[in-house]
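1. Give me a 3D structure for the following:
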Amino acid sequence: MLTYYPRRSTALWVAVALALSCVSYSQASMADDMVSFATAGYASGLHSMALMHKIDTNGDGMVSRDEWLAFQEKVFAMLDKDKQGTVDAKEFISHDGGADMVHFSTGGFATGLRTRQMMHKIDTDGDGTISHDEFMAYQAKVFDMMDTGHKGMLTKEQFATGGASSQ
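-> Got it, this is the predicted structure:
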């Protein structure tokens, strides 16, 4: 004979609901972090499989932290036209030579990155320029936000969704 314990059953359902809401909240929180951390144009430019293939230099179908940072080093070098180690608004937003960046990355990535809004997000000290260190710290944070499994590798799914999907 089964005995029904309404309090235990209710407690079990409450625990399940709490656990599911925590997982859902965690994923939503990460997505909210990316939205507040980057502009929509930049975030959508990141999620291109064409960009992933350009960053994935060893062709294993994933992007390692080292591959990501090496790619971002090259992006900064393209932005820093005068090779002073900082990028001002004119260099950052200018589309002179933009074809080189589009060819190196993708149009969506280049267009999403080179906006005044993104410059302000990356310029953490607010001095009107982006230093190499600011740029690389920002890009490392983007990678870490996408690397939801904390494995130092972005799968195709993580890259395509910005890490919003579970692993």
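2. Which parts of the chain are strands?
-> 63-64, 86-88, 129-131, 153-154 (DSSP state E).
3. Return the most buried member of those strands.
-> Neighbour counts averaged per stretch over the strands of the chain are highest for strand 63-64, at a mean of 23; criterion: mean count of other CB atoms under 10 Å. Yep, even glycine has a C-beta here, placed from its N, CA and C like the rest.
4. okay if I get the strands of the chain as CSV plus distance to residue 52?
-> Output for those, formatted as CSV (distance: least, CB to CB, whole Å):
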stretch, distance to residue 52
strand 63-64, 6
strand 86-88, 25
strand 129-131, 24
strand 153-154, 8
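5. Tabulate these (JSON lines), appending mean pLDDT and distance to residue 116.
-> Formatted as JSON lines, the strands of the chain follow (pLDDT from 0 to 100; distance: least, CB to CB, whole Å):
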{"stretch": "strand 63-64", "mean pLDDT": "96", "distance to residue 116": "27"}
{"stretch": "strand 86-88", "mean pLDDT": "94", "distance to residue 116": "12"}
{"stretch": "strand 129-131", "mean pLDDT": "96", "distance to residue 116": "12"}
{"stretch": "strand 153-154", "mean pLDDT": "94", "distance to residue 116": "28"}
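6. For residue 122, see how far away the most centrally placed residue in the chain is.
-> In the chain, the C-alpha nearest the mean C-alpha coordinate belongs to residue 142, at 3.5 Å (CA atoms, centre = their mean). Counting by CB to CB, to the nearest Å, the gap from residue 142 to residue 122 is 10 Å.
7. Same check on residue 51?
-> 18 Å.
8. now what about stretch 102-119, what contacts it?
-> 38-39, 41-46, 48, 50-51, 54, 71, 74-75, 78-79, 89, 92-95, 98, 101, 130 (CB atoms under 8 Å, 6 or more residues apart in numbering).
9. which of the residues you listed count as buried?
-> When those are checked for burial by 16 or more other CB atoms under 10 Å, the buried set is 38-39, 41-43, 45-46, 48, 51, 54, 71, 75, 78-79, 92, 101, 130.
10. Select the helix or strand of the protein having the lowest average pLDDT value.
-> Using mean pLDDT, DSSP states H and E, helix 6-37 stands out as the lowest-scoring helix or strand of the chain, at a mean of 47.
11. circling back to that earlier point, looking at it, the residue nearest to the centre of the chain is touching residue 47, isn't it?
-> No. Between residue 142 and residue 47 there is no contact under CB atoms under 8 Å: 11.6 Å.
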